[in-house]
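[1] Model the structure of this input:
(one chain, ligands or ions: 2)
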Amino acid sequence: MSQYVIAIDQGTTSSRAIVFDHDGNIVSTGQLEHEQIFPKAGWVEHDAAEIWNNTREVIGTALAQANLTRHDIVGVGITNQRETAVVWDKNTGVPVYNAIVWQDTRTQDIVDQLAADGGVERFKAKVGLPLATYFSGTKIKWILDNVEGARERAEAGDLLFGNTDSWVTWNLTGGTDGGVHITDVTNASRTLFMDLETLQWDEEILGIFGVPLSMMPAIKSSSEVYGTVHGSQLLREVPVAGILGDQQAATFGQAAFGTGEAKNTYGTGCFLIFNTGEEIVHSKNGLLTTLGYKLGDAAPHYALEGSIAVTGSLIQWLRDNIGMIKSAPEVEELAAAVEDNGGVYIVPAFSGLFAPYWRADARGAIVGLTRFVNKNHIARAALEATAFQTREVLDAVNADSGVDLTELKVDGGMVANDALMQFQADILGVPVIRPKVTETTALGAAYAAGLAVGFWKDLGELSSNWSEDKRWEPQMDAAERDRQMRLWKKAVTKSMDWVDEDVK
Ligand SMILES: Nc1ncnc2c1ncn2[C@@H]1O[C@H](COP(=O)(O)OP(=O)(O)O)[C@@H](O)[C@H]1O
Ligand SMILES: O=P(O)(O)OC[C@H](O)CO
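    Residues are numbered from 1 along each chain as shown. Ligands and ions are numbered 1, 2, ... in the order given. Next comes the predicted model:
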């Protein structure tokens, strides 16, 4: 009888369940989008109860589609949008507030207050991250400061915090009836609270934020049996055996296991991860230091990360807010109708600028407008923004590590766009390579779980599952590449220093 692993990919826009076979091929998929809640400019929330309901439903869809039962599944792997903060009551299982999403910027005042003493790099040597609204820590503090009674309940030990990996795992393993409250090192490394060396919560930083240790999940490796399923009849008693934040999961799914290997994932945002092996490298060029993965008792792998907040979501914005296209792929047709961007550059600093600038005072800018410019140029500039931002991150990786990447492995929803991938190769000056299985995020979580239960024996076996689907070679000459990057950097300067007392 064949056996399979199921991965749950709890992403920013949707939750997916994907069943994989031993060769790493997709057998079946269930997917449901959840509501994006924007109560005010800069605020982004999800309903955590909706996320859990959707998760249960997509598990059912994926199993039914392939005619499988829990007896065919050897393990569950979980991967998730990182940083998004859920706080819930451990006695009732009810969240005290909507999940505050990684893109949310409401906590800028908290960041400013904390940075008044020591600047935004105050905790960076220990946790690898600058103070920024992006990470979970300030979001937890906001909930404790602003939701009536939350701080008292937290101090009484009644509230739990988690990124959506912890929320899904707690519910999946039984919720109020014995659910395990855990996270893995990769998710923990996105909170601002985990010491990169000890892999434990730093009680001094928790104290400065006023977050009780009792709220925090136990930190586990990325690959071990954490418990078994009790919160879904469909998977009852199946071991939950792998957790990786989605960007680290994609790196794992791309089989970028070794020092010096990298991948770039093009989804809502874009995240380049560069594996630095067992060495903790502190960036001098605007990258984050983060956990790559940790397999059971083995030593952890660290990584440098270039996080770009807005890439695919700029295309969604053209669709939903501006009405320029009806579906994301339409942007490709529009862009193909013109030879170049007509001098237009879009800097999508909707949540300020993340890597490599970390400028909270930036806001989105469209520059270079003339009477000549039409919607085709805008479409093209929107796509090009993704490629320019990626080049800046890659330059930072080169500067920090001294490694000149000779190719880039890519994945995520936007890599379906041929023109974008060609432009990406042109702007980087190195080949861009897409693997056959582009659901690398889910695959990485499946690998972590499958390794823990002995479904796969080692990393070598996983590497042999990876195969190339398509490769884009750079065609642009170096002078043109340099010209475009110079103009892009100039456009970036125009987006900065926009937020002031009147414009938040
Ligand atoms: N053909 C396309 N061209 C450009 N962008 C696209 C295309 N298809 C999808 N996208 C963008 O890709 C993103 C979806 O990718 P996905 O990897 O599923 O994202 P996430 O995991 O962040 O939810 C959306 O933001 C969408 O706008
Ligand atoms: O869910 P995604 O793919 O948009 O990824 C979100 C990232 O984990 C945010 O850090």
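
[2] Low-confidence bits of the chain, can you list those?
    For the chain, the stretches with pLDDT under 70 are 1, 501-504.

[3] Enumerate the residues of it near ligand 1.
    Residues of the chain lying near ligand 1 by Cβ under 6 Å from any ligand atom: 11-14, 267-268, 312-313, 315-316, 328-329, 331-332, 412-414, 416-417. The way it works is simple: take the backbone N, C-alpha and C, and place the C-beta from them, glycine included.

[4] taking those residues one by one, which sit in strands?
    Within the residues of the chain next to ligand 1, residues falling in strands by DSSP state E are Ser14.

[5] Show me which of the residues of the chain next to ligand 1 are buried.
    Buried residues within the residues of the chain next to ligand 1, defined by neighbour count using 16 or more other Cβ atoms under 10 Å: 11-13, 267-268, 312-313, 315, 328, 331-332, 412-414, 417.

[6] The residues you listed in helices, which ones?
    Cross-referencing these against helices under DSSP state H gives Gly312, Ser313, Ile315, Val331, Glu332.

[7] overlap between the residues of the chain next to ligand 1 and the residues near ligand 2?
    Counting by Cβ under 6 Å from any ligand atom, the members of the residues of the chain next to ligand 1 near ligand 2 are Gly11, Thr12, Gly267, Thr268.

[8] For the last one, give me its contacts.
    Looking back up the chat, that one is Thr268. Contacts for Thr268 (Cβ atoms under 8 Å, 6 or more residues apart in numbering) come out as Gly11, Thr12, Thr13, Gln103, Val310, Thr311, Gly312, Ser313, Gln316.

[9] so which of the residues you listed comes closest to ligand 1?
    Gly312 (2.4 Å; Cβ to the nearest ligand atom).

[10] Would you mind listing what in this structure touches ligand 2?
    Gly11, Thr12, Gln81, Arg82, Glu83, Trp102, Gly245, Asp246, Gln247, Gly267, Thr268, Gly269.

[11] what do you get if the cut-off is 5 Å, keeping everything else the same?
    Gly11, Thr12, Gln81, Arg82, Trp102, Asp246, Gly267, Thr268 (Cβ under 5 Å from any ligand atom).

[12] Return the closest of those residues with respect to Ser351.
    Trp102 (8.9 Å; Cβ to Cβ).

[13] Could you measure from that closest one over to Thr268?
    Noted for Trp102: a distance of 9 Å to Thr268, by Cβ to Cβ, to the nearest Å.

[14] Touching both of these two, which residues are there?
    Thr12.

[15] any idea how far the lengthiest helix in the chain is from the chain center?
    What stands out as the longest helix in the chain, according to DSSP H, is helix 375-401. Centroid displacement of helix 375-401 relative to its chain, using Cα atoms, centre = their mean, to the nearest Å, is 18 Å.

[16] so what does it touch, helix or strand wise?
    strand 262-266, strand 270-277, strand 301-308, helix 312-320, helix 330-336, strand 345-347, helix 418-428, helix 478-495 (3 or more Cβ pairs under 8 Å, 6 or more residues apart in numbering; DSSP states H and E).

[17] Now do that helix against helix 418-428, angle only.
    Counting by axes from the mean of the first three to the mean of the last three Cα atoms, to 10 degrees, helix 375-401 lies at 40 degrees to helix 418-428.

[18] could you give the angle of helix 375-401 to strand 262-266?
    Using the same axes, to 10 degrees: helix 375-401 against strand 262-266 is 150 degrees.

[19] Next, the angle from helix 375-401 to helix 478-495.
    Using the same axes, to 10 degrees: helix 375-401 against helix 478-495 is 100 degrees.

[20] got the buried residues for helix 375-401?
    Under 16+ other Cβ under 10 Å, the buried positions of helix 375-401 are 376-394, 396-397, 400-401.

[21] Ok, stretch 148-163 next?
    Buried, per 16+ other Cβ under 10 Å, within stretch 148-163: Ala150, Arg151, Arg153, Ala154, Asp158, Leu159, Leu160, Phe161, Gly162, Asn163.

[22] Over to stretch 467-486?
    Trp472, Pro474, Met476, Arg481, Gln484.

[23] And for stretch 105-113?
    Quick answer for stretch 105-113 (16+ other Cβ under 10 Å): Thr105, Arg106, Thr107, Gln108, Ile110, Val111.

[24] Just the ones of those in helices?
    Reading helices off the buried residues of stretch 105-113 with DSSP H, I get Gln108, Ile110, Val111.

[25] distance of Ala125 from Asp195?
    10 Å.

[26] These two: which is more packed in?
    Between Ala125 and Asp195, counted using other Cβ atoms under 10 Å, the more crowded position is Asp195 (18 against 11).

[27] Which residues are in contact with that one?
    Asp195 neighbours (Cβ under 8 Å, 6+ apart): Lys126, Val127, Trp201, Asp202.
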